[in-house]
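>>> Sequence and predicted structure are below.
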Amino acid sequence: MTIWRNLFRKQRSKYADSTIAEDLTEHLLDMDGIPPMAGGAPIPFVVANERNVSLFYCLQTFDPDWDGTTVRLVDAASEGEPVAVIRFNRVLWHRLGPPNEEAIGAHPLCRLGLYPYTAKEVVGSKVLSRFCRANRIHQYHSDSMFEGYRHFAIAFHDSVFEAISYGYSTELVGEVPVLAAAAAELKKWES
């Protein structure tokens with residue numbers, strides 16, 4: 001155990017003085033081409049492997065005949081809901097979880113403009129910088145390994161999705177249950 005501790009200390013001190021653009025100011029930009037999510041229940045659903053993530057969600061719809069006196073409950077198996085997918089490629093990291101819209105003020109990106117129902121790119125990402133710094137312990141590390149990665153944050157009703165990837169693309173899937181769209185995506189990955 002002592003040998004490993006000593007080796008770790010040497011590696012840590014070897015990279016302690018190197019920096020990766022720590023002076024960049026973190027700020028947010030709108031993500032381009034993101035279809036508007038449903039206000040009440042976008043039902044985000046993630047299909048992922050080590051390098052790719054597909055994020056499915058329900059789109060905002062408007063019923064011209066709705067008088068505001070009823071509520072329609074939907075879930076991931078509901079029929080007739082328009083669904084979109086955002087595909088992230090060459091993913092380094094992703095997460096889907098708290099906070100929800102009532103607690104979004106606790107998210108570190110809220111002070112920069114991440115609010116419920118918004119999709120943002122984090123320029124000068126501190127999270128990406130931390131991943132790069134942490135990787136410096138690897139004997140073959142180079143900061144250039146992290147060039148080209150971008151940090152994205154999407155705030156839904158009940159959760160926030162974040163990913164660090166090379167980029168993304170969007171597609172309108174159609175009026176299918178979110179679960180069916182996710183299952184179809186997995187079948188594509190199998191072939």
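Yes, it's here. Numbering: from 1, shown residues only.
>>> which is the next helix or strand following the helix or strand bottoming out on mean pLDDT in the chain?
Scoring the helices and strands of the chain by mean pLDDT, DSSP states H and E places helix 2-15 at the bottom, with a mean of 40. The element immediately downstream of helix 2-15 (helix or strand, assigned by DSSP states H and E) is strand 27-30.
>>> Let's test this: mean pLDDT of that following strand, rounded?
Over the span of strand 27-30, the pLDDT mean works out to 97.
>>> Only the buried residues of the next helix or strand after it, if you could.
Proceeding N to C from strand 27-30, the next assigned helix or strand is strand 45-48, under DSSP H and E. For strand 45-48, burial by neighbour count (16 or more other C-beta atoms under 10 Å) applies to 45, 46, 47. For glycine as for every other residue, the C-beta is placed from the backbone atoms N, C-alpha and C.
>>> okay if I get these as a markdown table plus pLDDT?
Shown next, in a markdown table, are the buried residues of strand 45-48 (pLDDT from 0 to 100):
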| residue | pLDDT |
| --- | --- |
| 45 | 96 |
| 46 | 97 |
| 47 | 97 |
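>>> is residue 162 in a bridge, and if so with what?
Here residue 162 sits in beta bridges with residue 95, residue 153, going by DSSP bridges.
>>> my bad, residue 89
residue 167.
>>> Against residue 106, how distant is it?
Shown here: residue 89 relative to residue 106, a distance of 30 Å by C-beta to C-beta, to the nearest Å.
>>> Would you mind telling me which of the two has more residues around it?
residue 89 (13 against 9; other C-beta atoms under 10 Å).
>>> Please verify my assumption that residue 160 contacts residue 99.
Yes - between residue 160 and residue 99 there is a contact at 6.5 Å, judged by C-beta atoms under 8 Å.
>>> more neighbours, those two?
Counted by other C-beta under 10 Å, residue 160 and residue 99 do not tie: residue 160 has more neighbours, with 23 against 16.
>>> How about the contacts made by the more buried one?
96, 97, 98, 99, 104, 107, 114, 153, 154 (C-beta atoms under 8 Å, 6 or more residues apart in numbering).
>>> can you rerun that using 10 Å?
Applying C-beta atoms under 10 Å, 6 or more residues apart in numbering, we find residue 160 in contact with 44, 95-101, 103-104, 107, 109-110, 114, 116, 153-154.
>>> again with residue 51
Residues near residue 51 by C-beta under 10 Å, 6+ apart: 88, 89, 90, 91, 92, 165, 166.
>>> of the residues you listed, buried ones?
Buried members of those, scored by 16+ other C-beta under 10 Å, are 88, 91, 92, 165.
>>> Below-threshold pLDDT in this structure: ranges please.
1-24 (pLDDT under 70).
>>> Distance from stretch 162-177 to the middle of the chain?
Mean-position distance between stretch 162-177 and its chain equals 10 Å (C-alpha atoms, centre = their mean, to the nearest Å).
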